[in-house]
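Trainee: no sequence for this one, just the structure:
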């Protein structure tokens, strides 16, 4: 039977995902087999397991920190928003239904057996399960039929570590207000409090901590300093969209309203020579060295947004002057046509930008698979990638075919090919994570630098796997120093799932 501990927060983006990852790495280094679990995640950043099943990218990151392969049982329910009021519901890695928020709220309790089954499967594999909550347990409008915060803690009989973010201000009100809104039996589950993202002299918090423990009746288990880490974020609350660091190589990513899997660019962001800018208007675009059209959860809607906001005109003006690459939904937009005859993403038809001789039909069946191979001979700036091996994964609802090209009309671009090449240094790919392995990112940056007539220090372009390992260990080292780990180990209890 696995031991459990649960991380809950006073609100979104207080650091629950990173603390979960950090504890997984600490337990791994202590010789335990640790695993993350999040019963319900809402995210447009997702990952495909070896079995071809889709989970939240944060759980894949946490599994990596734990040193184990990501599995669908780590995230049995994934909600991928399609608009402001609805989501695609993924259950055990597969598309289950599209539901409005009200429909899902009424239905979600019926998914409890799926959550329990996933937890039992994970429990057979792990010594310690670190559970991550979502949002806040004190969201009183959502507490009925809760399956991700205190509802889940009750389900598995988990002790709770409550985390607040001092960097945003008002952390004592966050923590005390949360405790006050919990039911008596829920508050009894909270065994420790963590103040996260602290900057400055810790002694200045002494009086506040004493008052917090006095009024909250829960001990403070740690004050964690603000950490500069480069790990994968959840969606819209990420601060990487605000990054304005400028490097010698300027890469721009169009930030449409439904941007998905922006983690594709993390490997480029960690390179000192590179700046990655997420742009929301053509005025911000300028003339970068490389432009990406990223993935999208609603390609037709985001393509129309691009057109109505002037991005299509701006992209066409840049074509031929800089390389442009579309990934997944962005790849589809660079083609000639996209249509949705069965209403997979709301229905409709839109003309693409016409750079690539392809047409895409959105279909109810979602393609989810891991892929690997060798990049074939390429033209243009990406010729520097020819012959390199890649790994990645596909997540898309579209079937794409050639039209009016030298290839057989109506046939599909070969699945083994990482990129489709067009004229004017225009490229497209369905593969997420294609730059993460085999020195591909370094080769790309080197080619961009050569075109620009500058030199980059290749020694600074660290292997991405090694870079992430250092980040996980830095996170774990910091948590071990500033958390009361003796108290954390005392909190661990046997799961008691009925």
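Mentor: All right, it came through fine. As the structure is a computational prediction, the values presented were derived from the model and not from experiment. Residues are numbered from 1 along each chain as shown.
Trainee: Report the helix or strand with the lowest average pLDDT across this structure.
Mentor: One helix or strand of the chain scores below all others by mean pLDDT, DSSP states H and E: strand 420-421, with a mean of 86.
Trainee: immediately after that strand, which helix or strand?
Mentor: Next helix or strand after strand 420-421 toward the C-terminus (DSSP states H and E): strand 426-429.
Trainee: Can you list the strands that that following strand pairs with?
Mentor: Strand 426-429 pairs in its sheet with strand 324-327 (parallel), strand 420-421 (antiparallel), by DSSP bridges.
Trainee: Figure out how far the least confident helix or strand of the chain is from the centre of its chain.
Mentor: The chain centroid and the centroid of strand 420-421 are separated by 26 Å under Cα atoms, centre = their mean, to the nearest Å.
Trainee: cool, stretch 484-498 as well?
Mentor: On the basis of Cα atoms, centre = their mean, stretch 484-498 sits 27 Å off its chain's mean C-alpha point.
Trainee: cool, and stretch 287-299?
Mentor: Distance of stretch 287-299 from the chain centroid (Cα atoms, centre = their mean) equals 16 Å.
Trainee: Going forward, count from 601.
Mentor: Happy to do that; since the first residue is 601 now, the last one works out to stretch 887-899.
Trainee: Give me the number of neighbouring residues for the residue nearest to residue 628 when sequence neighbours are not counted.
Mentor: Nearest non-adjacent residue to residue 628, counting by Cβ to Cβ, 6 or more residues apart in numbering: residue 667, 4.9 Å away. All C-beta atoms are positioned from the backbone trio N, CA, C, and that covers glycine. As a burial measure, residue 667 scores 16 neighbours (other Cβ atoms under 10 Å).
Trainee: So residue 667 versus residue 635, what's the distance?
Mentor: According to Cβ to Cβ, to the nearest Å, residue 667 and residue 635 sit 10 Å apart.
Trainee: What of residue 716?
Mentor: The gap separating residue 716 from residue 635 is 16 Å, by Cβ to Cβ.
Trainee: Mind checking which of these two has more residues around it?
Mentor: With neighbours defined as other Cβ under 10 Å, residue 716 and residue 635 compare such that residue 635 has more, 28 against 16.
Trainee: Please identify the helix or strand for that one.
Mentor: Secondary structure from DSSP H and E places residue 635 in strand 634-637.
Trainee: and the longest helix along the chain, how far from the chain's centre?
Mentor: Secondary structure of the chain per DSSP state H: the longest helix is helix 1064-1082. Relative to the centre of its chain, helix 1064-1082 is centred 18 Å away, using Cα atoms, centre = their mean.
Trainee: what comes into contact with it?
Mentor: Applying Cβ atoms under 8 Å, 6 or more residues apart in numbering, the set of residues contacting helix 1064-1082 from outside is 618-619, 621-623, 625-626, 629, 664-665, 822-825, 827, 829-831, 867, 870, 1036-1037, 1041.
Trainee: What mean pLDDT does that helix get?
Mentor: Across helix 1064-1082, pLDDT averages out at 95.
Trainee: Repeat that for stretch 630-650.
Mentor: Rounded mean pLDDT across stretch 630-650 is 96.
Trainee: Can you check the distance spanned by that stretch, start to finish?
Mentor: Distance between the two ends of stretch 630-650: 27 Å, counting by Cα to Cα, to the nearest Å.
Trainee: List the contacts of the residue lying closest to residue 809 once chain neighbours are set aside.
Mentor: Once flanking residues are discounted, residue 809 sits nearest to residue 820: 5.2 Å by Cβ to Cβ, 6+ apart. With contacts defined as Cβ under 8 Å, 6+ apart, residue 820 is in contact with 792-795, 809, 812-813.
Trainee: ok, of the residues you listed, which come out buried?
Mentor: Buried residues within the contacts of residue 820, defined by neighbour count using 16 or more other Cβ atoms under 10 Å: 792-795, 809, 812.
Trainee: Could you check how far the residue nearest to residue 809 is from residue 806?
Mentor: Taking Cβ to Cβ, one finds residue 820 at 11 Å from residue 806.
Trainee: low pLDDT regions in the stretch 701-850 of the chain?
Mentor: Low-confidence segments of the stretch 701-850 of the chain, defined by pLDDT under 70: 833-845.
Trainee: now do 90
Mentor: The stretch 701-850 of the chain contains residues with pLDDT under 90 at 740-745, 768-769, 800-804, 828-848.
Trainee: For burial, what's the neighbour tally of residue 983?
Mentor: 14.
Trainee: That one contacts residue 975, doesn't it?
Mentor: No: Residue 983 is beyond contact range of residue 975, at 9.8 Å (criterion: Cβ atoms under 8 Å).
Trainee: Just the ones of the contacts of residue 820 in strands?
Mentor: 792-795 (DSSP state E).
Trainee: What are the contacting residues of stretch 1043-1052?
Mentor: For stretch 1043-1052, contacts defined as Cβ under 8 Å, 6+ apart pick out 848-849, 868, 871, 873-874, 889-890, 923, 981-985, 988, 1035, 1055-1056, 1058, 1061.
Trainee: among the residues you listed, which ones are buried?
Mentor: Among the contacts of stretch 1043-1052, those buried by neighbour count (16+ other Cβ under 10 Å) are 848-849, 868, 871, 873-874, 889-890, 923, 981-982, 984-985, 988, 1035, 1056, 1061.
Trainee: From these, which land in strands?
Mentor: Applying DSSP E to those, the entries found in strands are 849, 874, 890.
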